[in-house]
Structure formats: structure tokens, C-alpha cells
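Participant: have a look; sequence and predicted model below, questions after that.
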Amino acid sequence: MNRVCVFCSSSEKIDPAYFEATERVAGLLVDAGIQVVFGGGNCGLMRQLADTVIEKGGRIKGVMPKFMKEIELAHPDVTDWVFTETMHERQARYLEGIDGVVTLPGGSGTLEELLQVIVLKRLGHFTDPIVILNTKGYFDPLREMLERCVAENFMHRKHLDMWAFVDEPEDVMPALRQAPEWNEDAISFTAVR
């Protein structure tokens, strides 16, 4: 595992527990020698993630649409950048050459990024692990909704293997490494028949 994409919030007005968990995850990724790919922002959990990776001597790559450089303020200490024209291009570039996705708490942007990668995995277009750090139970409603999708036959029971919810930052690396194998033939059971 060489490169992991991390989705997370740009909000500054959130519980300090989320910042602390992000710092721990960043440190663990650096300790494992993993390059971090992220949204490039200099606010909220994105800033905490980048600051920690840089402070610990790790590698980090920002991916940001050009029009967002002024809104989110590209992190000034990140030196490895991809600037895209659109959000769709950003999402595609996030996934290039990565070995897994880690999702930390966030708002609509984070949720959209996570759900898009779940859709791609369901279709067999993305086959790497997806780990969701459920700090303070933040993602409990999402977990319940995904399980309901399965319970009510909107998704196949096999789809529950596409992701792992973990409660502590120290559980992220084991979950990435122990994820069930997933491959391109997942498209064969994407529709529940």
C-alpha cells in the first residue's frame, strides 16, 4: 500500500475530537510510508491532515479545481499539486494510482465523494478498500442507511463488503490491509434481481 486518498471536511467549527482523530490518522499513514492524496484545502480537517503529514516528513498531494483555489485557499505548504477544471475531474484524479480510500467526517462534499467511490466499487470500476472512520458515531446514520439499502433489496448483501466502518484511527490501517478482495466482475451483481 503506497498511496491512500483521504476525504474530509474543510469546516473549522467542529468538535476538537475530529481534529485529534485526523492528526492520529495522518501520523499512522506517514508511519506506514503511505503518500496521502487529499482535497488540497487549508481549512478544517484538510488543513490538519496536511499539517500533520508535512510536520512528520510524509508525502502529500493536493487535488483541487482551479476555481476553488480562492474559496478553500490551497494549502501553502503542499508542493505536489493537481489543479483540475471541474469537480468531476477532481474526483477522477483522486483515484488515480491509489491503493485505498479513507473517509473522515465531513459535510455534503465528503459524503458525495464517498458515495461516488462506493458506486464505482459497486460497478467494479474501483476495487480498492474503502474505510470510514466513524469518530463519535458521526457516520452511524450513513451506516444505517446503507444497511437499509441492503435490507430492502436496493443493494445486494455482497455490497456490505465494499466498505469498513471503524471507530478509532488505529483501526484504519488494519481495515485497509484486511479488506475483502473486490474485482471488476462486481458489475455482474450490481443490480438486485
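Facilitator: Received it, and whenever you're ready, just let me know what you need.
Participant: give me the below-cutoff pLDDT ranges for the protein.
Facilitator: Residues of the chain that meet the criterion pLDDT under 70 lie in 70, 72.
Participant: where do the strands sit along it?
Facilitator: Ranges of strands in the chain, per DSSP state E, are 3-7, 35-38, 60-65, 80-84, 101-103, 130-133, 164-166.
Participant: save the ones you listed as CSV, and put in mean neighbour count and distance to Glu184 too.
Facilitator: (Each C-beta comes from the backbone N, C-alpha and C, glycine too.) Output for those, formatted as CSV (neighbours: other Cβ atoms under 10 Å; distance: least, Cβ to Cβ, whole Å):
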stretch, mean neighbour count, distance to Glu184
strand 3-7, 25, 19
strand 35-38, 24, 22
strand 60-65, 22, 24
strand 80-84, 15, 25
strand 101-103, 26, 17
strand 130-133, 25, 16
strand 164-166, 19, 20
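Participant: and for the nearest residue to Lys136 once chain neighbours are set aside, the neighbour number?
Facilitator: Nearest non-adjacent residue to Lys136, counting by Cβ to Cβ, 6 or more residues apart in numbering: Ala17, 5.7 Å away. Neighbour count of Ala17, defined by other Cβ atoms under 10 Å: 12.
Participant: would you mind measuring from Ala17 to Gln116?
Facilitator: Going from Ala17 to Gln116 by Cβ to Cβ, to the nearest Å gives 26 Å.
Participant: what's the answer for Tyr138, then?
Facilitator: Relative to Gln116, and taking Cβ to Cβ, Tyr138 is found at 19 Å.
Participant: Cys43: what's it in contact with?
Facilitator: Residues near Cys43 by Cβ atoms under 8 Å, 6 or more residues apart in numbering: 10-12, 72-73.
Participant: farthest-apart pair in those residues, please.
Facilitator: Greatest spatial distance among the contacts of Cys43 (Cβ to Cβ): Ser11 and Leu73, at 13.7 Å.
Participant: tell me who's in contact with the residue of the chain most remote from its centre.
Facilitator: Here the chain reaches farthest from its C-alpha mean at Arg193, the gap being 30.1 Å by Cα atoms, centre = their mean. Contact criterion Cβ under 8 Å, 6+ apart gives no residues in contact with Arg193.
Participant: from now on call the first residue 35
Facilitator: Okay, using 35 as the starting number, the last item reads as Arg227.
Participant: which stretches in this protein count as helices?
Facilitator: Ranges of helices within the chain are 50-65, 78-89, 121-128, 142-156, 174-185, 206-211, based on DSSP state H.
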